[in-house]
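*Asks:* predicted model and sequence follow; I will ask about them next.
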Amino acid sequence: MSTVTLGAPRTAAGPSAETAETAGPAAPSGAETAAELADLLVEAGFGPFFGTPCGILAPLYRALEGGIGLHTVPREDAAVGVAVGAAAAGRRPVVLMQNSGLGQSVNALASLAVPYQVPLLLIVSLRGVVPDPTQENLVMGRITEPLLEGCGIPAFRLCADRFPAQIAWARRVAGMEHRPVALLVPPRLFGWSA
Amino acid sequence: MNKTEAVRAVIEAAPREPIVFTTGYSCRIAKHVADRPNHFYMTGSMGLAASIATGLALAGRMHAVAVDGDGSLLMNPGCLITAGMTADLPLVHVLLDDGAYASTGGQDTPSARADFVAWAKACGYASATRTRDPVELALLLRRALATPAPSFIHCPLADEDERVPPRVDLELAGHFRRFSRHVATL
């Protein structure tokens, strides 16, 4: 896969990248950014949407609930299971989850979505990553990207100015390579603060 | 009724509808009884069989069958909540309940005092029934496949299986593609 056109690879996206995202008085609101992402995902053919709520993802959740539709599944690994069924029905499902739920989902991904090569998109928020100082999330924040890499699930951190390219990449990986793929949501992307 | 008789009844009653078999002996028995393209053998991810069937029914607007186990359902009882949430979900959830973790050495499942039929009803399933007979199971399943709502069929299994076939050793990605291709024809 090409890392150049998609922005900084996972491991290089540190605090400086986070700071850059908040610059400028004309920056769109979190709700606007989330609505844009939701529309682009639908235009790219992704759906249906499943999810377990998360504070960082709340604006995206609201944008999806507003018209496109989203099914809340009470646990993230079960959401992966439901999405696998939707993929078997020929769809390109999306699962929204916090990275704590990614921890919950490891077996669903490792023994189902990955070995059966199921095309689905995970949108995973990054609790425990700058500027989130909450101790209970730091471990998961640290291991989210290595965990995905270990599972063989390609992942990028979403950047508001690169949505079209990043979504096109996710669609290509899910649709052509027939495998799960992840887009990661840093805390500030939709305006979350600790 | 034993697990083999129950699986055979399900396979005969649903020759084309997608069936998701839970991990362990259900998968192994199903593949041995008849390896059809409408079968999905979930060899890992214990607990997710009914979730997968729910996704099929929800996104595909078609009847889907889950063959679940008691140990599996205990691992993910939340799947009942998700299925029961959609009043017109065309899902048939069959629970083969032998009271044991059969494929890991037959340890007792901790559900001797739990009422699975009551769980399904309380979660919103339109019907929840119980049978100990394979002929009646096939009948209930056919009826459920004609009902546009989530149905639950609890099958307590009292009889031993004679012999359990070997592990499912299919190439899993190819298996998923075969299943998806079949679903696309429905």
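*Replies:* Yep, it's here.

*Asks:* would you point out which residue of chain B is nearest chain A?
*Replies:* residue B:55 (2.3 Å; C-beta to the nearest C-beta). In this view, the C-beta of every residue, glycine as well, is placed from N, C-alpha and C.

*Asks:* helix/strand/coil for that residue?
*Replies:* Using DSSP: H, G, I helix; E, B strand; the rest coil, the structure places residue B:55 in helix.

*Asks:* leaving out chain neighbours, which residue sits closest to it?
*Replies:* residue A:85 (2.3 Å; C-beta to C-beta, 6 or more residues apart in numbering or on different chains).

*Asks:* how near is the one you found to residue B:51?
*Replies:* Distance, residue A:85 to residue B:51, by C-beta to C-beta, to the nearest Å: 7 Å.

*Asks:* now residue A:148
*Replies:* In terms of C-beta to C-beta, residue A:148 sits 21 Å off from residue B:51.

*Asks:* of these two, which one has the most company?
*Replies:* A direct count of neighbours by other C-beta atoms under 10 Å in any protein chain shown for residue A:148 and residue B:51 places residue B:51 higher, at 33 against 22.

*Asks:* tell me the secondary structure for that one?
*Replies:* Relying on three-state DSSP, one would call residue B:51 helix.

*Asks:* what number of residues lie near the nearest residue to it once chain neighbours are set aside?
*Replies:* Take residue B:51 and drop its neighbours on the chain: the residue closest to it by C-beta to C-beta, 6+ apart is residue A:81, 3.0 Å away. Each residue near residue A:81 was counted by other C-beta under 10 Å, and the total is 32.

*Asks:* close enough to count as contact, residue A:81 and residue A:108?
*Replies:* Yes - the pair residue A:81 and residue A:108 qualifies as a contact (C-beta atoms under 8 Å) at a distance of 6.0 Å.

*Asks:* overlap in contacts of those two?
*Replies:* Taking C-beta atoms under 8 Å, 6 or more residues apart in numbering or on different chains as the criterion, residue A:81 and residue A:108 both touch B:45, B:48.

*Asks:* residue B:74: what's it in contact with?
*Replies:* Residue B:74 touches B:109-111, counting by C-beta under 8 Å, 6+ apart.

*Asks:* secondary structure element for it?
*Replies:* Using DSSP states H and E, the element containing residue B:74 is helix B:70-75.

*Asks:* quick check: buried residues in that helix?
*Replies:* Residues B:70-75 are the ones in helix B:70-75 that count as buried (16 or more other C-beta atoms under 10 Å in any protein chain shown).

*Asks:* report the mean per-residue pLDDT for that helix.
*Replies:* Averaging pLDDT along helix B:70-75 gives 98.

*Asks:* for the residue nearest in space to the middle of chain B, give its distance to residue A:69.
*Replies:* The centre of chain B sits closest to residue B:67, judged by C-alpha atoms, centre = their mean, with a distance of 0.9 Å. According to C-beta to C-beta, residue B:67 and residue A:69 sit 29 Å apart.

*Asks:* can stretch B:115-135 be found next to chain A?
*Replies:* No - contact of stretch B:115-135 with chain A (C-beta under 8 Å from any C-beta of the partner chain) is absent, the minimum separation being 11.3 Å.

*Asks:* gap between the helix holding residue B:74 and the chain center?
*Replies:* The chain centre lies 11 Å from the centre of helix B:70-75; the measure is C-alpha atoms, centre = their mean, to the nearest Å.
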